[in-house]
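Undergrad: give me the fold of what follows.
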Amino acid sequence: MADNVLKHATTMSLARIRPGDNPRRYFNQDKHAELVASIRIRGVLQPILIRPVDGDEGQYSVVAGGRRRKAAIEALGADADIPVIIREMSDQEALEAAIDENDNREDASETEQADAAVRVLAACNGERAEAARRLAWSPAKLDRRLALANLADPVKVALDERRIKVGHAELLAAVPADKQEKALDTILVNSLGVAKTRELLMRVTQSLAGAQFDKAECTTCPFNASTQRALFATHVEDGHCTNPGCFQLKTEAEAAAVAAAAPKPAATGKKADPAPVVEKAKPAASAPAPAAPAGKTVKVAPPPPSAPKVTVETIANRVTAMRESAWRKALMQAVEGDPDIAAAFHATLRDTFQVDRTFLSKFGKDELKFIAQECGLVDHMGAKAFAKLLDAPPPKIVDGMLNATGFTWAGRLPSAMTLDGKYSPPPAGAGLGAHHAHPEKV
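TA: Numbering: from 1, shown residues only. The predicted structure follows:
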């Protein structure tokens with residue numbers, strides 16, 4: 001990019017410099033106090049990297065150096081001049097530069113890297129190899145950080161503050177989010193080590209070895225411990241499901257499918273004749289049993305159990321997940337490169353899907369911000385109002401997003417739900433109340 005070059009180094013008033021969209025959120029208070037004391041004595045020695053704010057002449061935002069800016073305000077006042085380097089950068093370039101700068105610090109937080117990895121992966125339309133290249137990470141490191149993005153906010157904070165180890169966090173990332181906080185309390189109250197945590201976690205897992213349902217979906221499920229072996233130095237035994245609720249639902253659904261496929265006795269409408277009392281016994285000789293006088297007990301071999309009838313439906317029920325996965329893959333390949341087909345499917349999806357609580361509850365704060373940005377909610381509410389909303393617990397954030405005054409989600413398809421991995425805005429002239437934003441402006 002031709003404009004992405006160093007413009008000049010100068011000094012600038014802190015009043016003109018805004019906080020940037022820095023992936024870093026946790027700062028050690030002791031180190032912050034030391035930095036404030038140093039700046040009071042010597043000033044800011046190393047320039048911070050800033051870029052112009054689009055649409056706001058004379059205003060800049062921090063790309064790298066947010067900690068120095070914060071300490072300088074405290075030490076020198078909000079109107080003091082500090083050394084800066086100004087560079088023209090896109091939103092994505094600024095994000096990647098901030099990640100790289102934080103990644104090289106000894107106290108970089110794994111959860112900050114995880115949140116940043118999610119955002120870069122979204123900007124790369126889910127292409128993990130491209131995301132790893134942009135981050136200058138190995139594919140293994142990207143996978144490990146993306147796995148940590150499954151952590152609930154209280155667990156992220158505990159890891160940032162080093163109240164738990166990375167090994168604890170990796171184990172908790174394999175547990176459904178609604179169970180993580182209780183597990184975290186157990187770890188902290190009882191001062192459990194990683195090994196003991198792993199032992200307790202094993203007690204609430206279900207072995208997949210004996211599962212009767214189709215396990216095609218389990219091969220890539222984040223709650224299948226065997227898929228985590230390559231990600232975690234500390235992992236649960238292979239082939240165990242850490243989401244017992246899902247395991248039970250699949251088991252019950254399989255049992256219902258088998259029962260529905262089993263042959264049922266034909267109804268004749270006639271009353272059965274009284275039968276002699278029969279006592280079950282093991283098969284003996286092949287000769288026919290002698291007739292018994294009325295009311296007497298006769299020993300006969302029970303008939304062999306009849307095998308369930310094989311039909312198209314019984315076979316299809318065994319591979320539901322595999323069939324749907326194969327068709328989704330084939331559909332994606334057919335649509336690729338044909339915007340007309342993609343648009344037709346998007347139009348159909350608008351009739352059957354709308355962003356709701358179930359959808360939004362699957363995501364963390366950074367992901368919710370990305371969705372709100374690409375769907376136009378941040379522009380509608382205003383950046384400051386949405387930033388304030390992000391300070392609330394996740395359920396409150398979801399409430400605020402779904403009930404924003406004057407905004408409707410109807411017709412808005414987030415990139416995660418589209419065939420081509422790009423945000424699909426409402427049809428032109430739909431009158432839905434708020435314009436859409438470009439997904440890269442996060």
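
Undergrad: so which elements touch whatever helix or strand residue 31 lives in?
TA: If you go by DSSP states H and E, residue 31 is part of helix 29-42. Identification of packing neighbours for helix 29-42 by 3 or more C-beta pairs under 8 Å, 6 or more residues apart in numbering; DSSP states H and E yields helix 66-76. All C-beta atoms are positioned from the backbone trio N, CA, C, and that covers glycine.

Undergrad: in its sheet, what does whichever helix or strand comes after the helix it packs on sit against?
TA: If you walk from helix 66-76 toward the C-terminus, the next helix or strand you reach (DSSP H and E) is strand 81-87. Note on strand 81-87: by DSSP bridges, its sheet partners are strand 6-13 (antiparallel), strand 48-52 (parallel).

Undergrad: compute the inter-axis angle for strand 81-87 and helix 66-76.
TA: Strand 81-87 and helix 66-76 are oriented at 160 degrees to each other (axes from the mean of the first three to the mean of the last three C-alpha atoms, to 10 degrees).

Undergrad: how close does residue 374 get to residue 417?
TA: The gap separating residue 374 from residue 417 is 11 Å, by C-beta to C-beta, to the nearest Å.

Undergrad: more neighbours: which of those two?
TA: residue 374 (26 against 16; other C-beta atoms under 10 Å).

Undergrad: pLDDT score for that one?
TA: Looking at residue 374, its pLDDT stands at 92.

Undergrad: cool, the one 4 residues further on as well?
TA: We have a pLDDT of 93 for residue 378.

Undergrad: quick check, it in a helix?
TA: Yes. Secondary structure of residue 378 (DSSP: H, G, I helix; E, B strand; the rest coil): part of a helix.

Undergrad: if you average pLDDT per helix and strand, which one of this structure comes out bottom?
TA: Least confident helix or strand of the chain, by mean pLDDT, DSSP states H and E, is strand 278-280 with a mean of 47.

Undergrad: what's the least confident stretch among the strands paired with strand 81-87?
TA: strand 6-13 (a mean of 72).

Undergrad: who does the following helix or strand past it pair up with?
TA: Going down the chain from strand 6-13, the next helix or strand is strand 17-18, by DSSP H and E. Sheet pairing for strand 17-18, assigned by DSSP bridges, gives strand 60-64 (parallel).

Undergrad: can you list contacts of stretch 63-82?
TA: Applying C-beta atoms under 8 Å, 6 or more residues apart in numbering, the external contacts of stretch 63-82 come out as 11-15, 17, 19-20, 22, 24, 27, 32, 35-37, 39-40, 43-44, 46-51, 62, 87, 89, 94, 97-98, 101.

Undergrad: please identify the buried residues of that stretch?
TA: Under the neighbour-count criterion of 16 or more other C-beta atoms under 10 Å, stretch 63-82 has 63-73, 75-76, 80-82 buried.

Undergrad: for these, which one is nearest residue 386?
TA: The closest of the buried residues of stretch 63-82 to residue 386 turns out to be residue 66 (C-beta to C-beta; 19.2 Å).

Undergrad: now do the closest one, the pLDDT please.
TA: Reported pLDDT for residue 66: 84.

Undergrad: where's it relative to residue 35, distance?
TA: Taking C-beta to C-beta, one finds residue 66 at 12 Å from residue 35.

Undergrad: next one: residue 187
TA: 32 Å.

Undergrad: what about the two, which has more around it?
TA: Legend: neighbour count by other C-beta under 10 Å for residue 187 and residue 35, higher for residue 187 (23 against 20).

Undergrad: and the more buried one, that one's in a strand?
TA: No. Under three-state DSSP, residue 187 sits outside any strand and is assigned helix.

Undergrad: list the contacts of it.
TA: Contacts of residue 187 by C-beta under 8 Å, 6+ apart are 164, 168, 197.

Undergrad: got it, and residue 151?
TA: Applying C-beta under 8 Å, 6+ apart, the residues near residue 151 are 111, 114, 159, 169, 172, 173, 177, 180.

Undergrad: count of neighbours near the residue nearest to the fourth one when sequence neighbours are not counted?
TA: Yep, that's residue 169 we're talking about. Nearest non-adjacent residue to residue 169, counting by C-beta to C-beta, 6 or more residues apart in numbering: residue 159, 4.6 Å away. By the criterion of other C-beta under 10 Å, residue 159 has 24 neighbours.

Undergrad: quickly find the element holding residue 159.
TA: Element membership for residue 159 (DSSP H and E) is helix 153-160.

Undergrad: CA atoms of the helix or strand just after that helix as CSV?
TA: For helix 153-160, the following helix or strand on the C-terminal side (DSSP H and E) is helix 166-172. Provided in CSV are the C-alpha atoms of helix 166-172 (Å, rounded to 0.1, in the frame of the first residue of the first chain):
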residue,chain,number,x,y,z
VAL,A,166,-2.3,-21.4,31.0
GLY,A,167,-2.8,-25.1,31.6
HIS,A,168,-5.9,-24.4,33.7
ALA,A,169,-7.2,-22.1,31.0
GLU,A,170,-6.6,-24.7,28.2
LEU,A,171,-8.6,-27.2,30.2
LEU,A,172,-11.5,-24.8,30.9
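
Undergrad: quick check: mean pLDDT of helix 166-172?
TA: 86.

Undergrad: before we move on, the earlier item: mark which of the contacts of stretch 63-82 are buried, thanks.
TA: Buried among the contacts of stretch 63-82 (16+ other C-beta under 10 Å): 12, 14, 17, 20, 22, 24, 27, 35-36, 39, 44, 47-51, 62, 87, 89, 94, 97-98, 101.

Undergrad: give me the low-pLDDT residue ranges for the stretch 201-350 of the chain?
TA: Low-confidence segments of the stretch 201-350 of the chain, defined by pLDDT under 70: 204-213, 215-245, 247-248, 252, 254-308, 312-314, 316-348.
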